[in-house]
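Asks: only geometry, no sequence info:
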Ligand code: SIN
């Protein structure tokens, strides 16, 4: 790679009446969770000038509890068994070749993470402890600090990335492109808006949980990468499949980010009961409380509708040494005044994970040359209609590394680029409370056509704003993302994976395809329905 100038090279130039600062890089990574940092490290280790943009320090990776699903060599587990469990959870929409490719590379990606300093809990010296979560037929989930796996992954990667050029409080406002390829990113920082010219950009912005009023996601999960891709003309796929985690800590009237109560508790014997002590998942699925997440969340939702209660309960009183094995959950419960060793934990399903996202291949490549996506923001075909527990850190590690290498290769071949920002930077934006209320009411665990049409009407009220602050940008990103979910959810007239239609409760074999959404005249619209399996 021939250096094209320092990443810190700085200047200002006029564009559309305003003056933009400008800088250069080979690869820009947007996001500092597992996929972003692994991608950034991979490109940096190939000698490329990498700039990492971070609007907030808190990542979803940090909050991940259960662990990383991985097949260990010389174990009774197998890649084929993990692939089969992933595909079974995915409701017919996983791409088997993609699943196999990612699962097969899992152990090497974890070994790289260990080389970068991560430490996992051991059952005996030299042998990792393995737990189980919903949908897994084997104990194959490694964890750290009991239920603080994400915190350990983030700690290790933050340490490894300490020498990288990480720009905090930098918001990526727009992917800049010419007719055929990426040319850079429009960015907002404390100096105002500016351009980082770069031939490769990797979106690793995480999820979209804050389109709902309550979510397990950190505050920055506002669908940024989904919106950035749509605005750049790049499609998103499977976006109607928002996974609701069955057990988010319940407290009356609470919203925003809520504590996750890890599924590994059920793996260690905790049981779901309603307010009368009756089991919630009896007769619903052969795996009972350890059925895939979509099944358990729907069973809870149905029980709450039947009883009119605000929550169900996770009875974890049988788990020995609770606060040692589950210190994160113990701390969250203590803060809420709940003692899980003496009383069942009040829980409800909560928006947790976007199974769909920016359409990519297994190397994170989108259809736009130079634009990559990895981690939760991406839709590789791994998760289909419902993600299997603890497959997210796995995918972030594997595809993050691949995207970093592919982006480095692309930048090396592309050489220097020059980006131009248009004068009109406005996007539709709706008041956040209004949007979250409408999404929670009409596009939650169970949806129907009437509700989705009402949602569409609410979203139609958005008005064009210029994203002159992080908050304004996020509101526009939330609006674009909510519209994409609404369009896709309305189009899928069946129930499959995490998408449950009250008016179409059955799975329709004729709809075993992915729904693709693109922006048309700035608004997410149905593109084509593509068969994937
Ligand atoms: C959990 O610990 O239950 C969540 C892990 C995941 O989202 O896969």
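Replies: Received the coordinates, thanks. Everything numeric here is computed off the predicted structure, so don't read it as measured data.
Asks: which residue does the stretch 51-200 of the chain bring closest to the ligand?
Replies: residue 66 (2.7 Å; C-beta to the nearest ligand atom). C-beta: built from backbone N, CA, C; applies to glycine.
Asks: who touches that residue in this structure?
Replies: By C-beta atoms under 8 Å, 6 or more residues apart in numbering, residue 66 lies in contact with 131, 133, 141, 143, 147, 149, 262, 263, 264, 267, 389, 390.
Asks: in what helix or strand does it lie?
Replies: Using DSSP states H and E, residue 66 falls within no helix or strand.
Asks: quick one, phi psi at it?
Replies: Residue 66 has phi and psi values of phi -50, psi -60 when expressed as degrees, to the nearest 10.
Asks: Contact residues of the protein facing the ligand?
Replies: 64, 65, 66, 260, 262, 263, 264, 353, 389, 390, 392 (C-beta under 6 Å from any ligand atom).
Asks: Verify the stated contact: the first one with residue 392.
Replies: Yes - judged on C-beta atoms under 8 Å, residue 64 makes contact with residue 392 at a distance of 7.2 Å.
Asks: Overlap in contacts, the two.
Replies: Counting by C-beta under 8 Å, 6+ apart, nothing touches both residue 64 and residue 392.
Asks: Is residue 175 in a helix, a strand, or coil?
Replies: strand (DSSP: H, G, I helix; E, B strand; the rest coil).
Asks: would you list every one of the strands in the stretch 1-150 of the chain?
Replies: Along the stretch 1-150 of the chain, counting by DSSP state E, counting those that start in this stretch, strands occupy 11-15, 18-24, 27-30, 50-54, 68-69, 122-124, 127-128, 130-131, 141-142.
Asks: among those, which is the most enclosed?
Replies: strand 27-30 (a mean of 32; mean count of other C-beta atoms under 10 Å).
Asks: packing partners for that strand?
Replies: helix 34-44, strand 50-54, strand 182-189, strand 200-203, helix 224-231, helix 391-414 (3 or more C-beta pairs under 8 Å, 6 or more residues apart in numbering; DSSP states H and E).
Asks: In a strand, residue 323, correct?
Replies: No - under the criterion used here (three-state DSSP), residue 323 is helix, not part of a strand.
Asks: Correct me if wrong: it contacts residue 330.
Replies: Yes - look at residue 323 against residue 330 with C-beta under 8 Å: they come within range, at 4.0 Å.
Asks: Those two: who's more crowded?
Replies: Set side by side, residue 323 and residue 330 show more neighbours around residue 330, with 20 against 16, by other C-beta atoms under 10 Å.
Asks: how much space between the closest residue to residue 519 other than its chain neighbours and residue 452?
Replies: Nearest residue to residue 519, sequence neighbours excluded (C-beta to C-beta, 6 or more residues apart in numbering): residue 230, at 4.3 Å. Between residue 230 and residue 452 the computed distance is 19 Å (C-beta to C-beta, to the nearest Å).
Asks: quick one: which of the two has more around it?
Replies: Neighbour totals were compared for residue 230 and residue 452, and residue 230 leads with 28 against 22 (other C-beta under 10 Å).
Asks: pLDDT score for the more buried one?
Replies: At residue 230, the model reports a pLDDT of 98.
Asks: residue ranges of the strands in the stretch 351-500 of the chain, please?
Replies: 357-359, 371-373, 378-379, 427-429, 446-447, 463-465, 500-501.
Asks: What is the fifth one packed up against?
Replies: The reference is to strand 446-447. Applying 3+ C-beta pairs under 8 Å, 6+ apart, one finds that strand 446-447 makes contact with strand 500-501.
Asks: neighbouring strands for the next helix or strand after the strand it packs on, and are they parallel or not?
Replies: Following strand 500-501 in sequence order, the next helix or strand is strand 513-520 (DSSP H and E). Using DSSP bridges, the strands paired with strand 513-520 are strand 236-237 (antiparallel), strand 523-531 (antiparallel).
Asks: Lowest average confidence across the ones you listed, which one?
Replies: strand 523-531 - the lowest mean pLDDT of those, at a mean of 77.
Asks: Could you tell me which residues make contact with the residue most central in space within the chain?
Replies: In the chain, the residue lying closest to the centroid (C-alpha atoms, centre = their mean) is residue 376, at 2.8 Å. Contacts for residue 376 were tallied using C-beta under 8 Å, 6+ apart; they are 33, 35, 60, 206, 207, 353, 354, 357, 392, 396.
Asks: swap in residue 519?
Replies: 230, 231, 233, 480, 525.
Asks: pretty sure the first one is touching residue 479, no?
Replies: Read that as residue 230. No - with contact defined as C-beta under 8 Å, residue 230 does not count as touching residue 479 (10.9 Å).
Asks: what secondary structure does the closest residue to residue 148 other than its chain neighbours sit in?
Replies: Using C-beta to C-beta, 6+ apart and skipping the chain neighbours, the partner closest in space to residue 148 is residue 328 (5.2 Å). Classification of residue 328 using three-state DSSP returns helix.
Asks: Now do residue 328, the pLDDT please.
Replies: 95.
Asks: now the one 3 residues further on
Replies: You'll see residue 331 listed with a pLDDT of 97.
Asks: Am I right that it is in a helix?
Replies: Yes - Residue 331: assigned to a helix according to three-state DSSP.
Asks: Contact partners for the closest residue to residue 132 other than its chain neighbours?
Replies: Distance criterion C-beta to C-beta, 6+ apart; nearest residue to residue 132, sequence neighbours excluded, is residue 267 at 3.8 Å. Contacts for residue 267 (C-beta under 8 Å, 6+ apart) come out as 66, 131, 132, 133, 134, 139, 141, 290.
Asks: Report the mean per-residue pLDDT for stretch 125-144.
Replies: For stretch 125-144, mean pLDDT is 95.
Asks: For it, measure first residue to last.
Replies: 14 Å (C-alpha to C-alpha, to the nearest Å).
Asks: Please state the offset of that stretch from the chain centre?
Replies: 22 Å (C-alpha atoms, centre = their mean, to the nearest Å).
Asks: try stretch 366-381
Replies: 12 Å.
Asks: buried set for that stretch?
Replies: 366, 368, 370-381 (16 or more other C-beta atoms under 10 Å).
Asks: if we can go back for a sec, can you tell me, leaving aside adjacent residues, what's nearest to the residue nearest to the centre of the chain?
Replies: residue 207 (4.4 Å).
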